[in-house]
Structure formats: structure tokens, C-alpha cells
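[1] Here is my input; please provide its structure:
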Amino acid sequence: MTTLPDVRLTQFASGGGCACKVPPGELERVLAGLPGGRAGDGSPHPAGELLVGLEHGDDGAAVRIAGGRALIATADFFTPVVDDPYDWGRIAAANALSDVYAMGGEPVLAVNLLAWPRDKVPFELAREVLRGGADVCAEAGCHLAGGHSIDDPEPKYGLAVSGLGDPDRLLRNDAAVAGTPLTLTKPLGLGILNNRHKATGERFEHAVATMTTLNRDASRAALAAGVTAATDVTGFGLLGHLHKMARASGVTAVVDSAAVPYLDGVRESFAAGYVPGGSRRNLEWVRPHLSAEVDEDELVLLADAQTSGGLLVAGEIPGHPVVGELVPARETTLVIRG
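    As a prediction, this is how the structure comes out:
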């Protein structure tokens, strides 16, 4: 048995997990006006019909291919969210695969994306990260073959993933309909617990278990229920991802804050001050678009930046809590009830 060096990977990263995403407002300004991949003159694109592009910030891009299928493509990587390299690899892989599940597809092929500070962190730890990613891909029934690696001041890991889906049954941001319930398939608070882990070294096994759980079963259940709109809850928090869906679909989302589930220890950790900066940035981004009956603390919790969070589904899935509903468009995209 080989003993691995005792290294706290989170201490080599300025951010952590999906909380290190570029703030959503800045990202949208940069992407505004960029081509979405369709032929500029409206003619058929030689690569096939682009079904989902940049327009609504969906979880992946999708193009119609031969055989009546949709090819779904995505990429996701981030800095360490936990200190254990194997767990980080598992979490990052589950998070990347989730983008395909959030589109209603099944992942088929993934390649590794690895950045490593070779002069600071033993490279043998990178093998454990890659092993974690490989094990989760095997669980998902997705091939993992090759990839790309660079020398970088901060460790980063993730996957580029390709999947397949039914082009007529994709789960999209712009397909939510008023009158349907909102279902959340994983509890919130991952950003807060991960922030505490980074600050103190405390391990939260239930958080790791949540982050490494694939969204495969939830995606399949959503399709079986006839759902047409869904997204996964990651770095932009519940409020950020819900705002994007409601805006794209021309509806308003009403959230029952009392129905939203949280992981054990989240509220205590929040009260102790373990809040990622990304969570507060998420709230500032959506603040102009919400009306709320709850206090500031509750809003920060709802905006907490998640890593490998659950699916947010415009529909009802057995076994998962309904946290709100979609209604016809109002002055704001989000209404938060106490």
C-alpha cells in the first residue's frame, strides 16, 4: 500500500468548486453578441441543426445528428473543493456529467481536463484525482479516454463530456411552462459546508456523498414524467439558475423557502460565517429581479453556490420535494415566500 503525501489541496486554490465561476453578470456581458453557432444567413449549417446554443445559458450545447439523435456537448472543471484528491476527482466528474443529465441526455464519452502545479503539489496526487474521475465515469457507463493536462499555478480538474439524447425531448431552460411545480433533487448548502471545510479541515461526509451522487436517475425520472425544462443547480445557486430558466421561458418562479431542503449543519455553518463570496455575488446578480418575503440571510442561503448540486425540474418527480411553482410572468422573475 502506497502512502500518499498529506497535502490540503484546497489551500492551493483561491476559490473552490463551482464557487470559483466567473460571476454570472460579468459572464453574460462578455457573451452578449457572440455567435451562437448557427449559420448567420439562416441557411442550414454543415454540422447539422443546432438545437441549443448560447442564447439561454443552458447546461450544454446540442446539435441534431444522423439517426434521429441529439449530440450534447459540455465541459466543466474547477479548483479543489475538498482536500482528498480521490474525492475531488469524483466530485468534479459527477459535476461535469451532470450537465448532460440536466439536458435529458446520457453521457457517452468524456476526456480529462487537468491543470497541476507540479512544483508545489506532488504529481502522484493527480493520479488519485484522475482515478476518482475514472471511477465515477465507470459508474455512469461513460467512456473516459485521454484528455489534456497543463502545468498551472492552481490545481484544476474536470471533464469535457459528449452525450446523446432525443432531440425532441431535451430538457431546456426556455421550455418551462406556467402552472407547473418546481422540484429540487438535492439539498442546498454545499457551498457553505465546502467553505467551512477549506477554512477548518473538517470533513463533511454527507456533503461528499451528495456531490458524488449522479443526477442520472433524476434526469431519467424527469423524462419519464414528461418534463420539458430543467437545469442543474451549481455555481450560480438556486436563485441564479432559476432566474435564468424563468427569464428564458417568460414566466415567474415562486419559491416556498420553507420547503427548500438543506444539508445538516448548513445553517449552523452559515451563522458561523462560512459563506463563499460566490454566494453573495449570486444574490447581488438576481436582486433586481426578485421580490422577497424573507430576510437577507435566507436569500443568501438560497443563492449559495453549489458544486455538483441537484436538478431543478419544472415538473414533479416522485421522491423529491416540490419547492415552488411557475406562474405567468410578473414584474420580477423570482418571488420568494416565507
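[2] phi, psi of the closest residue to Val322 other than its chain neighbours?
    Sequence neighbours aside, Pro181 is the residue nearest to Val322 in space, at 4.6 Å (criterion: Cβ to Cβ, 6 or more residues apart in numbering). Glycine gets a C-beta too; all of them are placed from N, C-alpha and C. As for Pro181, its main-chain torsions (degrees, to the nearest 10) stand at phi -80, psi 160.
[3] Now do the contacts for Pro181.
    Residues near Pro181 by Cβ atoms under 8 Å, 6 or more residues apart in numbering: 314-316, 322, 324-326.
[4] can you give me the helices in the stretch 1-150 of the chain?
    With DSSP state H, counting those that start in this stretch as the criterion, the stretch 1-150 of the chain has helices at 24-31, 85-102, 124-140.
[5] likewise the stretch 201-338 of the chain?
    Under DSSP H, counting those that start in this stretch, the stretch 201-338 of the chain gives helices at 205-211, 216-224, 237-249, 266-271, 277-286, 296-302.
[6] Switch the ones you listed over to JSON lines; also include mean pLDDT.
    Shown next, in JSON lines, are those (pLDDT from 0 to 100):
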{"stretch": "helix 205-211", "mean pLDDT": "98"}
{"stretch": "helix 216-224", "mean pLDDT": "98"}
{"stretch": "helix 237-249", "mean pLDDT": "96"}
{"stretch": "helix 266-271", "mean pLDDT": "98"}
{"stretch": "helix 277-286", "mean pLDDT": "94"}
{"stretch": "helix 296-302", "mean pLDDT": "97"}
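[7] Just tell me which of the ones you listed ends up closest to Ile65.
    Nearest to Ile65, of all these, is helix 216-224, at 19.0 Å by Cβ to Cβ.
[8] Distance to Gly141 and mean neighbour count added to the helices of the stretch 201-338 of the chain, as a markdown table?
    A markdown table is the format used below for the helices of the stretch 201-338 of the chain (distance: least, Cβ to Cβ, whole Å; neighbours: other Cβ atoms under 10 Å):
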| stretch | distance to Gly141 | mean neighbour count |
| --- | --- | --- |
| helix 205-211 | 20 | 19 |
| helix 216-224 | 9 | 19 |
| helix 237-249 | 26 | 26 |
| helix 266-271 | 32 | 17 |
| helix 277-286 | 32 | 22 |
| helix 296-302 | 34 | 19 |
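[9] Make a markdown table out of these and add distance to Pro155.
    Output for the helices of the stretch 201-338 of the chain, formatted as a markdown table (distance: least, Cβ to Cβ, whole Å):
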| stretch | distance to Pro155 |
| --- | --- |
| helix 205-211 | 17 |
| helix 216-224 | 27 |
| helix 237-249 | 24 |
| helix 266-271 | 24 |
| helix 277-286 | 18 |
| helix 296-302 | 28 |
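[10] Which among those helices is found nearest to Leu114?
    By Cβ to Cβ (comparing all of the helices of the stretch 201-338 of the chain), the closest turns out to be helix 205-211, at 18.8 Å.
[11] Report all helices and strands that that closest one contacts.
    Packing contacts for helix 205-211, counted by 3 or more Cβ pairs under 8 Å, 6 or more residues apart in numbering; DSSP states H and E, involve helix 85-102, helix 190-200.
[12] residues in contact with it?
    By Cβ under 8 Å, 6+ apart, helix 205-211 touches 81-82, 87, 90-91, 94-95, 186-187, 189-190, 193-194, 197, 263-264, 307-308.
[13] Of those, keep whichever come out buried.
    For the contacts of helix 205-211, a burial check counting by 16 or more other Cβ atoms under 10 Å picks out 81-82, 87, 90-91, 94-95, 186-187, 189-190, 193-194, 197, 263, 307-308.
[14] Go ahead and flag the most central residue of this protein.
    Thr234 (3.1 Å; Cα atoms, centre = their mean).
[15] Please compute how far stretch 243-252 lies from its chain's middle.
    17 Å (Cα atoms, centre = their mean, to the nearest Å).
[16] All set now, cheers.
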